[in-house]
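Novice: Need a 3D model of the following:
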Amino acid sequence: MVAAGLPAAIADLSELVRIPSVSWEGFDHDHVAASAAAVAALATGTGVFDEVEIVRHPIPATGQLGLPAVIATRAAKNGRPTVLLYAHHDVQPPGQEADWDSAPYEPTLRGERLYGRGAADDKAGVMAHIGAIRALLSVESDPDVGIVLFAEGEEEFGSRSLPAILEAHHDKLAADAIVVADSGNWDLETPALTVGLRGAVAFNLRISTLDHASHSGQFGGAVPDAMLAAIRLCATFWNPDGSVAVAGLHSHAADTPEYGEQQLRDETGLLEGVTPIGSGDLLSRTWYQPSITVTGIDAPSVKNASNTLIPSVRVRVSARVAPGQTWQDYFAALEAHIAAHVPHGARWQIEDIDSGQPFLVDTSGWAAGDALEAMHEAFGKEPVLMGSGGSIPFIADLVTRYPSAQILITGVEDPDARAHSPNESLHLPTFEHAILTEALLLSRLNARSEA
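Specialist: Below is the predicted model:
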């Protein structure tokens, strides 16, 4: 039944990809509203839900209205458990369109991959849920399992109104198991259950040295400009081998699967002659060690450069927190490092902090057992328990709100999906296997008497 429904799932996914639902500030949020409406229509179209609604709530820190999420609910019957199916319908900005081989919001099929922003992260997660529900209904027209579909609208911008959503809709979102379809698989043929996530701290760091720009020829060499100070400060974040040099940051000790340097090169596009950074096992560096990346710099472009000393520079710092350390402790250590290493007495300030806690999944419960069996049956291969260098900050919020719920982190991505990057894509055979996995899981939960 999954194979028969795949063309419709791909067509519906393509329509979602065509909606540029970027949740970042500076983008048209009417597109996010349109995306929410499309997801709500898909949920309604399944015919399984008792209620489908689009909700918006204020961001607790600012009072600004958050972006629309979709909540669809069906009550459990006859003692069956309830499962919450999570995904997000907002997407990252496209970046430079010239870096794409096809238009980012025009879904394009090349070989076995569907290209487009959100094709993998995470509109495919939304459609994996919808496709699995459709498959379940094709064999069980009136299932007993309780189902909650929760499609968030601002995950890519920090899930800022999520606490308010969880507060206002606590009972509707309560579940025995939570499936978060926002991760990946080991490779094109091998499924994975994600069992570890790094946390995140991201912020803008402003460095200032002058109250106005000055002639670089007249005063260069005597007056420090902000670019010099920013570069020297940021360089102190790393040791010569590229590992993080900030005191007080922790790593997590855990075994990792075999993973060689050539696989790293193949999956990341590391150029010939460029060496990996860090120390220790390769996967431990991305799954269980802290990292710091400068992801953006606000400064004059080369085209607009003039012979002046730049008075102020702003950089975007994206840091990842190893499991076992809170983002608060990580941020305190990083802030102390900045204060101790800012050069030439430059002034600095931190703005627009986004954060999320790391997370380790408990796989001892029945839900994980059912999920691993479903993966094995759908893919025909033993699933891998893997960590992730990425972050899904809201999971810690879900655990706080629903401490008895079993968390399952799944996904449709593969190592070449290029989520957040130009030429993001979805491997369609993996998409089919992911839908089948979830359909089998829903079928198992529909037959399970314990909740």
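Novice: Can you list the low-confidence ranges for the chain?
Specialist: Along the chain, the model assigns pLDDT under 70 to residues 450-451.
Novice: Quick check: residue 180 touching residue 406?
Specialist: No - distance between residue 180 and residue 406: 11.4 Å, which falls outside the contact criterion (C-beta atoms under 8 Å). For the C-beta atoms, the positions are set from N, CA and C on the backbone; glycine is no exception.
Novice: Can you point out the buried residues in the longest helix seen in the chain?
Specialist: The helix that spans the most residues within the chain, counting by DSSP state H, is helix 428-447. Using 16 or more other C-beta atoms under 10 Å as the test for burial, helix 428-447 gives 428, 430-446.
Novice: okay, now the domains of this protein?
Specialist: 2-197+358-447, 199-252+289-356 (automatic domain parsing).
Novice: and among the ones you listed, the most buried is which?
Specialist: Sort the domains of the chain by mean neighbour count, taking mean count of other C-beta atoms under 10 Å, and domain 2-197+358-447 sits at the top with a mean of 20.
Novice: Tell me the gap between that one and the middle of its chain.
Specialist: The chain centroid and the centroid of domain 2-197+358-447 are separated by 11 Å, computed with C-alpha atoms, centre = their mean, to the nearest Å.
Novice: and the end-to-end length of it?
Specialist: 19 Å (C-alpha to C-alpha, to the nearest Å).
Novice: So which residues of the stretch 151-300 of the chain form strands?
Specialist: Applying DSSP state E, counting those that start in this stretch to the stretch 151-300 of the chain gives strands spanning 177-184, 192-197, 199-208, 214-215, 291-298.
Novice: Please tabulate the ones you listed in a markdown table, including the columns distance to residue 256.
Specialist: Output for the strands of the stretch 151-300 of the chain, formatted as a markdown table (distance: least, C-beta to C-beta, whole Å):
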| stretch | distance to residue 256 |
| --- | --- |
| strand 177-184 | 15 |
| strand 192-197 | 10 |
| strand 199-208 | 18 |
| strand 214-215 | 51 |
| strand 291-298 | 16 |
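Novice: Looking at those strands, which is nearest to residue 371?
Specialist: Each of the strands of the stretch 151-300 of the chain was scored for nearness to residue 371 using C-beta to C-beta, and the closest is strand 192-197 (6.1 Å).
Novice: can you list contacts of the closest one?
Specialist: 183-186, 252, 254, 287-288, 323, 358-361, 363, 368, 371-372, 375, 383-388, 390-392, 395, 408-411 (C-beta atoms under 8 Å, 6 or more residues apart in numbering).
Novice: Where helices are concerned, which of these count?
Specialist: In helices, defined here by DSSP H, the members of the contacts of strand 192-197 are 287, 368, 371, 372, 375, 395.
Novice: And these, which is closest to residue 27?
Specialist: Out of those, the one with the shortest distance to residue 27 is residue 395. That distance is 25.2 Å, counting by C-beta to C-beta.
Novice: what pairs with the nearest residue to that closest one once chain neighbours are set aside across the strands?
Specialist: What sits nearest to residue 395 in space, not counting adjacent residues and going by C-beta to C-beta, 6 or more residues apart in numbering, is residue 359, at 5.0 Å. Beta-bridge partners recorded for residue 359 (DSSP bridges): residue 197.
Novice: any idea how far residue 359 is from residue 324?
Specialist: 11 Å (C-beta to C-beta, to the nearest Å).
Novice: what's the answer for residue 288, then?
Specialist: Distance check for residue 288 against residue 324: by C-beta to C-beta, it reads 9 Å.
Novice: Mutual contacts of those two, please.
Specialist: By C-beta under 8 Å, 6+ apart, residue 288 and residue 324 have these common neighbours: residue 252.
Novice: What about residue 279, how many residues nearby?
Specialist: The local packing count at residue 279 equals 12, with neighbours defined by other C-beta atoms under 10 Å.
Novice: show me the contacts for it.
Specialist: Residue 279 makes contact with 241, 243, 285 under the criterion C-beta under 8 Å, 6+ apart.
Novice: ok so, going back, would you convert the domains of the chain into CSV that also reports distance to residue 275?
Specialist: As requested, the domains of the chain are arranged in CSV below (distance: least, C-beta to C-beta, whole Å):
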stretch, distance to residue 275
domain 2-197+358-447, 18
domain 199-252+289-356, 9
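Novice: Out of these, flag the one nearest residue 274.
Specialist: Among those, the nearest to residue 274 by C-beta to C-beta is domain 199-252+289-356 (11.0 Å).
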